[in-house]
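Asks: 3D, please:
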Amino acid sequence: MKKIIFLFIAVSLTISCKNNTETKPKTTNTQKQPEKETVKDCSREVAFGDTSFCLPKVTGWVECYENPKVKQRFDPFDTSNNTTLAYYLSNETYKNIAKLNEPTFTFDNYYKVYAPNQAKNKKMTIDEMKQVVNMMSSSFISKTMEETNEELQKKGVTLTQPILLEKYQPQSNASSVVLLMSLNVGTETTIMAMEMTATVLKDRLVFIAYYLNYKDEKTIKELKKNSDFFIQQFNQSNK
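Replies: This next block holds a predicted model:
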């Protein structure tokens, strides 16, 4: 139980330090993805303690965390409680990577893969992973999509803390939560949809976060579809 509490603290801190420079929604990648595809090729392999993970090549996105511009953009917002393993940018964003750190360049549709340092070199069971997700999700305000839409339609609405829309299992070894949260930059506010997934791979706990700018309920469907696709690829590559 003590291990679970430590992990919950490490993971919950991730929510508060997301990239707060995304402002204006952009057109996201709506390319239809195959439901089943076995990925064998790795973009690269990354070590976490005594374990290494394959970072799969995923259609529609590019793993590029080793790029200096990507590190410059994201590292200031990461927490020392976690180890960042990868960032995947959409093909559209990656084509403009030279502009990544320009103040006027905004983007969404990206994945972050990371692991809590408290879990380094420690075996994690699926039941323990579910406990972490349950503790994490209990700290959010749970609302239906209908309730959330009513609030978003109010003038000047901001989500003062993440709103939990849904919790589900995309794979037998993974558990996901779907969230909405506000990002405030100057006088502008962007509503960000996020799916955070905990998964157990090679007996180690890994988290995958996926971000889309929120437009309407179709955003949530796209969020879940793309996230489920990515998780399936990641699992296939690390069996």
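
Asks: what helix or strand is the residue most central in space within the chain on?
Replies: In the chain, the centroid-proximal residue (CA atoms, centre = their mean) is Ala209; its distance is 0.9 Å. Assigned by DSSP states H and E, Ala209 belongs to strand 204-213.

Asks: Can you list the strands that that strand pairs with?
Replies: Strand 204-213 has the following strand partners under DSSP bridges: strand 110-116 (antiparallel), strand 188-201 (antiparallel).

Asks: among those strands, which is the most enclosed?
Replies: Highest mean neighbour count among those (mean count of other CB atoms under 10 Å): strand 110-116, with a mean of 24. (Glycine included, C-beta is placed from N, CA and C.)

Asks: Quick check: next helix or strand after that strand?
Replies: helix 126-137.

Asks: Tell me what angle that next one forms with strand 204-213.
Replies: 40 degrees (axes from the mean of the first three to the mean of the last three CA atoms, to 10 degrees).

Asks: In helix 126-137, which residues are buried?
Replies: Ile126, Glu128, Met129, Gln131, Val132, Val133, Met135, Met136, Ser137 (16 or more other CB atoms under 10 Å).

Asks: Export stretch 171-181 to PDB, keeping only CA atoms.
Replies: Extracted in PDB, the C-alpha atoms of stretch 171-181 (Å, rounded to 0.1, in the frame of the first residue of the first chain):
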ATOM      1  CA  GLN A 171      -6.400  -3.500 -23.000                       C
ATOM      2  CA  SER A 172      -6.400  -6.200 -20.300                       C
ATOM      3  CA  ASN A 173      -3.100  -4.800 -18.900                       C
ATOM      4  CA  ALA A 174      -4.100  -1.100 -19.200                       C
ATOM      5  CA  SER A 175      -6.500   1.300 -17.600                       C
ATOM      6  CA  SER A 176      -7.400   4.800 -19.000                       C
ATOM      7  CA  VAL A 177      -9.100   8.000 -17.800                       C
ATOM      8  CA  VAL A 178     -10.500  10.700 -20.100                       C
ATOM      9  CA  LEU A 179     -10.100  14.200 -18.800                       C
ATOM     10  CA  LEU A 180     -10.900  17.800 -19.800                       C
ATOM     11  CA  MET A 181      -8.800  20.700 -18.400                       C
END
